[in-house]
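**Student:** everything below, folded, please.
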Amino acid sequence: MKTPSRVAAALLAVIASASVIAPLASPASARLAPVLTVDIGNPDLPWMIPLSTDELGSDELYVGVSVAGGPAYNVTVSASGTGLQVSAPQNIGTVTGAGHAFLAVSALTGGFHQLTVTVDADGATPVMSSLNYVWAPTGALTVSPSRDFQYTYFGTTGYSSENGTSFPDRAELLFLSKDTAFYGVPIGGLPKCKSGSTTATAGCLAYAYDKSTGLIQIGGSIGYVDKSGIHTQGLGIADLQDGENYAHRTWSKRLQFPNTHNRYAGTWSWRYDNYPNTSPTFVTLTLRRNGTFTLSDNWRRKRTIRGHYDISHFGRMVLTGTFGHEVHNFAVFLTKAGKPAPQVGVALGFGTKREHTVVFLTPKRK
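**Tutor:** Predicted structure coming up:
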């Protein structure tokens, strides 16, 4: 018969041998599951996409994926949304640190949609992010108006490219009334619009602005408003060569169209040497308090004309001299406080309804 001391010794020997064979794992040595993060941009900003029946087909959404505690294996990116057509889920493999995917998205119906993106991986908790205002062209206003921009006018310059060359796209966005705007280059003063289109992207356009969401629809375009200005998608010439389906423009340069035979004193100029096949490439305008002017440009041909000027009817500028007379569109820049500031710059429109442009001139350096 074994004594208690011998039994205890035997048990200790078994425990010791077991601990050598299979040591217990400490919590610190256990592998933690990777933590995923997905980034698809600000969820409350609009994104304009084509209808699935449009010749553009679809637009691409960039999905950024970040991994902490990785690597993460079999990382899969997918998306869904009612009324949307989305490309198949993408397995981007193993991700250590950061990765990305592109998803093709189009709309089956016009108006607003919500798009939700999901990222998953082996052993990880799936993460999701949504875009709340994915928008496709529709035949009606889809923004509920709560405020208007009546008598607020903007000018801006965008760019498009072709065969590796960039070209300017200068235009004005004019809010004429509580529900009608104009996009383009007005001729001889502010345009007159009896009504606005909800589908067009140039000329007289219906608009609606919802201050609570910041969303604004202008004709067949969508956008948002913040402290820096109005940001639109769909107005202007898209940079297709750079992968842009719809032109993105920021409208922050405010304008005023004089109406009471205003006189000015100063010289303003504009020049762009990068586009030898566009017209004009330079403009210099001098206005004097006595009502005389000097204008040098190459709108149709290189020239310098002199004479008298008169500005009335909300920016209608009439130039008169030995050359006869010309009608232009004229506006002055505004300060952030909304005060006329010709010392900051002026806008001058050229041409006729069939061929026209606008340039934004700044004071000529002495």
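**Student:** checking G123 next. Helix, strand or coil?
**Tutor:** coil (DSSP: H, G, I helix; E, B strand; the rest coil).
**Student:** look up phi and psi at it.
**Tutor:** Backbone torsions for G123, taken as degrees, to the nearest 10, come to phi 70, psi 0.
**Student:** S58 reaches L103, doesn't it?
**Tutor:** No. With contact defined as CB atoms under 8 Å, S58 does not reach L103; the gap is 9.1 Å. Every residue, glycine included, has its C-beta placed from N, CA and C.
**Student:** overlap in contacts, the two.
**Tutor:** Residues within reach of S58 and of L103 at once, by CB atoms under 8 Å, 6 or more residues apart in numbering, are S87.
**Student:** part of a strand, is R306?
**Tutor:** Yes. Under three-state DSSP, R306 sits within a strand.
**Student:** can you tell me the element the nearest residue to it once chain neighbours are set aside falls in?
**Tutor:** Spatial nearest neighbour of R306, chain neighbours left out: T294 (5.1 Å); criterion: CB to CB, 6 or more residues apart in numbering. Secondary structure from DSSP states H and E places T294 in strand 292-297.
**Student:** list the buried ones in stretch 127-145?
**Tutor:** 127, 129, 131-138, 141-143 (16 or more other CB atoms under 10 Å).
**Student:** and stretch 295-303, by the same measure?
**Tutor:** For stretch 295-303, by 16+ other CB under 10 Å, it's 295-297, 299.
**Student:** which of those sits closest to D273?
**Tutor:** Top of the list for closeness to D273, among the buried residues of stretch 295-303 and by CB to CB, is D297 at 14.4 Å.
**Student:** measure that closest one to D226 for me?
**Tutor:** To D226, D297 is 36 Å away according to CB to CB, to the nearest Å.
**Student:** for L56, same thing?
**Tutor:** 27 Å.
**Student:** between these two, which is the more surrounded one?
**Tutor:** Each of L56 and D226 has its neighbours counted (other CB atoms under 10 Å); L56 has more, 14 against 11.
**Student:** SS state for the more buried one?
**Tutor:** Of the three states, L56 takes coil under three-state DSSP.
**Student:** which residues touch it?
**Tutor:** Applying CB under 8 Å, 6+ apart, the residues near L56 are 50, 245.
**Student:** same check on the one 3 residues further on?
**Tutor:** Under the criterion of CB under 8 Å, 6+ apart, the contact list for D59 reads 47-50, 104-106, 245.
**Student:** residue ranges with poor pLDDT in the stretch 1-150 of the chain?
**Tutor:** 1-31 (pLDDT under 70).
**Student:** and the strands in it?
**Tutor:** With strands called from DSSP state E, counting those that start in this stretch, the stretch 1-150 of the chain shows them at 35-39, 47-48, 59-68, 72-80, 84-86, 90-95, 98-107, 111-120, 127-136.
**Student:** what is the burial count for the residue nearest to G184 when sequence neighbours are not counted?
**Tutor:** Spatial nearest neighbour of G184, excluding adjacent residues (CB to CB, 6+ apart): A202 at 5.2 Å. Other residues near A202 come to 16 when the count uses other CB under 10 Å.
**Student:** is the residue nearest to the spatial centre of the chain in a bridge, and if so with what?
**Tutor:** The centroid of the chain falls nearest to H248 when counting by CA atoms, centre = their mean (3.6 Å). H248 forms beta bridges with Q233, as assigned by DSSP bridges.
**Student:** list the contacts of it.
**Tutor:** Taking CB under 8 Å, 6+ apart, we find H248 in contact with 158, 231-233.
**Student:** for these, which one is nearest T320?
**Tutor:** Closest to T320, out of all of these and judged by CB to CB, is G158, at 33.9 Å.
**Student:** any idea which element that closest one lies in?
**Tutor:** Under the criterion of DSSP H and E, G158 resides in strand 152-162.
**Student:** direction included, what does that strand pair against?
**Tutor:** For strand 152-162, using DSSP bridges, the partner strands are strand 165-175 (antiparallel), strand 253-256 (antiparallel).
**Student:** which parts of the last one are buried?
**Tutor:** By that I understand strand 253-256. Buried-residue list, strand 253-256, by 16+ other CB under 10 Å: 253-256.
**Student:** ok, now the first one?
**Tutor:** Along strand 165-175, these residues count as buried under the neighbour rule (16+ other CB under 10 Å): 168-175.
**Student:** re the thing from before, could the contacts of H248 be laid out in a markdown table, adding pLDDT, distance to G188 and neighbour count?
**Tutor:** Output for the contacts of H248, formatted as a markdown table (pLDDT from 0 to 100; distance: CB to CB, whole Å; neighbours: other CB atoms under 10 Å):
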| residue | pLDDT | distance to G188 | neighbour count |
| --- | --- | --- | --- |
| G158 | 93 | 24 | 20 |
| H231 | 98 | 29 | 19 |
| T232 | 98 | 25 | 29 |
| Q233 | 98 | 30 | 22 |
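**Student:** which of those sits closest to F282?
**Tutor:** G158 (20.2 Å).
**Student:** was I right about D242 contacting G164?
**Tutor:** No. With contact defined as CB under 8 Å, D242 does not reach G164; the gap is 10.9 Å.
**Student:** between those two, which is the more surrounded one?
**Tutor:** D242 (10 against 6).
**Student:** which residue sits closest to that one, ignoring its sequence neighbours?
**Tutor:** S161 is the one closest to D242 (CB to CB, 6+ apart), at 6.0 Å.
**Student:** run through the bridge partners of Q90.
**Tutor:** Beta-bridge partners, per DSSP bridges, of Q90: V77.
**Student:** about what we covered before: tell me the bridge partners for the residue nearest to D242.
**Tutor:** S166.
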